[in-house]
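Enquirer: Pasted the sequence and its predicted model underneath.
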Amino acid sequence: MTTTLAIANQKGGVAKTTTVASLGAALAELGHRVLLVDLDPQACLTFSLGIDPEDLELSVHQVLTRGLAPSEAMVTTEDGMDLLPATIELARAEADLLMRTGREQVLRGVLEDLDTDYDWVLLDCPPSLGVLTVAALTAADGVLIPLQCETLSHRGVGQLLDTVHDVRRFTNRGLEVWGVLPTLYDGRTNHARTVLETTSDTYDLQVVEPPIPKTIKFAEAPAAGRSILATNRGNKGAQAYREVAVGLAARAGRAAQGA
Ligand code: ADP
Ligand code: MG
């Protein structure tokens, strides 16, 4: 059974892309078959996993807008995950899909027709609540919200949850919020802890543990074209993502048993 998770937060710089790459690598380490989908025209996920978007002729854009078979655009990363890469062309997807009936369903349809049985599909959402994010939420079983615990972070979460609510009503009844994942976390400060508590209390959200600590190594990994799990195996951030992956796998296992 495949578990599809959208990693979403319309705020930029909260570690969505880092989370997709690192969790993907951690799940692959556990022996799971993992597909990552880059849904951000900035193509940071694609680039950070060692693929130069400028070298690509085919990408997720043609898959979503022109019915290209995903296998035609798919690449395998050195970290072991498959990737449906993005290029800047994806910036046009919003416009290209605008007049299309059922555009919210386009990604779901693509994923349903995949030939490979993945255990996980992780969707790296762009920093907006536009068509691509809605398509990701429509295709997903769950949404994981990376949260940088600083002042006003919670405001964006409210808007995202409004969108989740609409998606549940109109396009994907089964969408579940898996919780907030504290990222870039400095647990030494009361401030970070307070923001986290306020956010989870206000919106009744589960906090996915452990928090991902802030560490400089994350900034270095993308330049190497590998996830931090490969570049800094023993790093505390890499280790935190491994622990989160184990928790997510347990949750997916419970869901598969029909709990
Ligand atoms: P988003 O996809 O939400 O825009 P990114 O994953 O691109 O966010 O992360 C934004 C920046 O923060 C990147 O430069 C990334 O390397 C850095 N970063 C992510 N997670 C951490 C962390 N735990 N510690 C330090 N820097 C991080
Ligand atoms: Mg990103």
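Expert: Structure's in. What do you need? This one's a predicted model, so the numbers in the text were calculated from it and none came from an experiment. Ligands and ions are numbered 1, 2, ... in the order given.
Enquirer: Say whether ligand 1 is contacted by stretch 172-186.
Expert: Yes. Judged by Cβ under 6 Å from any ligand atom, stretch 172-186 comes into contact with ligand 1 at Thr183, Leu184. (Glycine included, C-beta is placed from N, CA and C.)
Enquirer: all strands for this structure, in order.
Expert: 3-7, 34-38, 75-76, 82-84, 120-124, 142-148, 176-183 (DSSP state E).
Enquirer: could you dump those strands to TSV with distance to Ala15, mean neighbour count and mean pLDDT?
Expert: Converted to TSV, the strands of the chain look like this (distance: least, Cβ to Cβ, whole Å; neighbours: other Cβ atoms under 10 Å; pLDDT from 0 to 100):
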stretch	distance to Ala15	mean neighbour count	mean pLDDT
strand 3-7	9	25	98
strand 34-38	15	27	98
strand 75-76	23	14	97
strand 82-84	18	25	98
strand 120-124	11	26	98
strand 142-148	5	24	97
strand 176-183	4	22	97
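Enquirer: and Val157, what is it in contact with?
Expert: Val157 makes contacts with Asn9, Ile145, Leu147, Val180, Thr199, Tyr203, Leu205, as judged by Cβ atoms under 8 Å, 6 or more residues apart in numbering.
Enquirer: Ligand 1: which of the residues you listed is nearest?
Expert: Asn9 (6.4 Å; Cβ to the nearest ligand atom).
Enquirer: thought that closest one was touching Leu147?
Expert: Yes. Applying Cβ atoms under 8 Å, one finds Asn9 in contact with Leu147, separated by 6.9 Å.
Enquirer: Could you give the average pLDDT over stretch 159-169?
Expert: Averaged across stretch 159-169, the pLDDT comes to 97.
Enquirer: Buried residues, that stretch. List them.
Expert: The neighbour-count check on stretch 159-169 (16 or more other Cβ atoms under 10 Å) flags Leu160, Leu161, Thr163, Val164, Val167, Arg168 as buried.
Enquirer: and stretch 244-256, anywhere near ligand 1?
Expert: No. Using Cβ under 6 Å from any ligand atom, stretch 244-256 never reaches ligand 1; the gap is at least 11.8 Å.
Enquirer: ok, the residue lying closest to Thr18 once chain neighbours are set aside - contacts?
Expert: Leaving aside its chain neighbours, Thr18 sits nearest to Phe218 (5.7 Å; criterion: Cβ to Cβ, 6 or more residues apart in numbering). The contact partners of Phe218, by Cβ under 8 Å, 6+ apart, come to Ala15, Thr18, Ile228, Gly237.
Enquirer: doesn't Asp124 make contact with Leu132?
Expert: No. When contacts are counted by Cβ under 8 Å, Leu132 is not listed as touching Asp124 (10.1 Å).
Enquirer: any common contacting residues for those two?
Expert: Leu39, Asp40.
Enquirer: Let me know the closest of the contacts of Phe218 to Leu30.
Expert: Distance to Leu30 across these (Cβ to Cβ) is lowest for Ile228, with 16.2 Å.
Enquirer: So for stretch 238-245, what gets flagged as buried?
Expert: Buried residues in stretch 238-245, counted by 16+ other Cβ under 10 Å: Ala238, Gln239, Ala240, Tyr241, Arg242, Val244, Ala245.
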